[in-house]
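Peer 1: Got a sequence here, can you model it:
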Amino acid sequence: MWPIELVKARALAAGADTPKAVIILTGALNPVHNGHVASLVHARAAVEEAGIAVLAGVLSPLHETYVRPKMARTAGGRYWSTHDRLECCRRATAGSDWMCVGAWEAAGPHTFWPDFPVVCQALQAELVASEGLRDVRVYFVCGADHWKKCRLHRGMPGDLGLVVLPRDGVRARSDPKKRIVVASSAPPDVSSTRIRRCLEGRGPLHEGMLPPAVEEYLRECPLPPPE
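Peer 2: Residues are numbered from 1 along each chain as shown. Below you'll find the predicted structure:
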């Protein structure tokens, strides 16, 4: 459910005295695209500029209990299954030695949608329970629009960290005491909605929108009809 072995291997290479973090990006990821992947890259750069080694960047698709009603409102009820969204995330990160997939949020035994603080706390608990990883801190990655909407000015609950990517002219302020790191740059916004429309034949899918392995998979696995 969590990439603990990858984190352990990279923790050994980082050294005992170096502050360490795992960054995590959640979302419907319907589908995952290059903007999501690049967001982890920009977030990692910001955290490491703050003197903290990033051991892993995790893509965590949302649970269907959230995706289903969201897509009913915005996409005619059409969305890729948990299996397909996780598989696309695995393909999107397959060539990386530090990016990976967390399946706990999407595929865990939940009867409800675990919101992002719950997901981050679950990953933090898993790290604390793992030998050699008690000092690794989880940092949640979000855009400044999400930071503003969810009133994260005081940071994340408990000892969790937060990485804020600038978006739409909205900027946060870094605050080491609150474990808030603000990136100086963010990737161009790529729209999952636009990608879905392109894959349905309602526009050209431009190069660079999707990782090639994800595009190949989605060409063979079209959006299912509404439930």
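
Peer 1: so Leu199 makes contact with Glu216?
Peer 2: No - look at Leu199 against Glu216 with CB atoms under 8 Å: they stay out of range, at 11.9 Å. Just so you know, the C-beta spots here come from the backbone N, C-alpha and C atoms, and that holds for glycine as well.

Peer 1: who has more neighbours, those two?
Peer 2: Using other CB atoms under 10 Å as the criterion, Leu199 and Glu216 rank with Leu199 on top: 19 against 12.

Peer 1: What helix or strand is the most centrally placed residue in the chain located in?
Peer 2: Taking CA atoms, centre = their mean, the centroid of the chain lies closest to Leu25, which sits 1.8 Å from it. Leu25 is part of strand 20-27 when elements are defined by DSSP states H and E.

Peer 1: ditto for Arg91
Peer 2: helix 82-93.

Peer 1: go on, Ala56?
Peer 2: In the assignment (DSSP H and E), Ala56 maps to strand 53-61.

Peer 1: What mean pLDDT does that strand get?
Peer 2: Mean pLDDT, computed over strand 53-61, is 98.

Peer 1: what lines up beside that strand in the sheet?
Peer 2: Using DSSP bridges, the strands paired with strand 53-61 are strand 20-27 (parallel), strand 99-101 (parallel).

Peer 1: Would you mind giving those as a markdown table with mean pLDDT and distance to Tyr66 added?
Peer 2: Converted to a markdown table, the strands paired with strand 53-61 look like this (pLDDT from 0 to 100; distance: least, CB to CB, whole Å):
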| stretch | mean pLDDT | distance to Tyr66 |
| --- | --- | --- |
| strand 20-27 | 97 | 10 |
| strand 99-101 | 98 | 18 |
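
Peer 1: Please work out which of these is packed deepest.
Peer 2: strand 20-27 (a mean of 25; mean count of other CB atoms under 10 Å).

Peer 1: and the angle for the longest helix along the chain with strand 20-27?
Peer 2: Counting residues, the longest helix found in the chain (DSSP state H) is helix 34-49. Per axes from the mean of the first three to the mean of the last three CA atoms, to 10 degrees, the angle that helix 34-49 makes with strand 20-27 is 160 degrees.

Peer 1: three-state assignment of Val138?
Peer 2: strand (DSSP: H, G, I helix; E, B strand; the rest coil).
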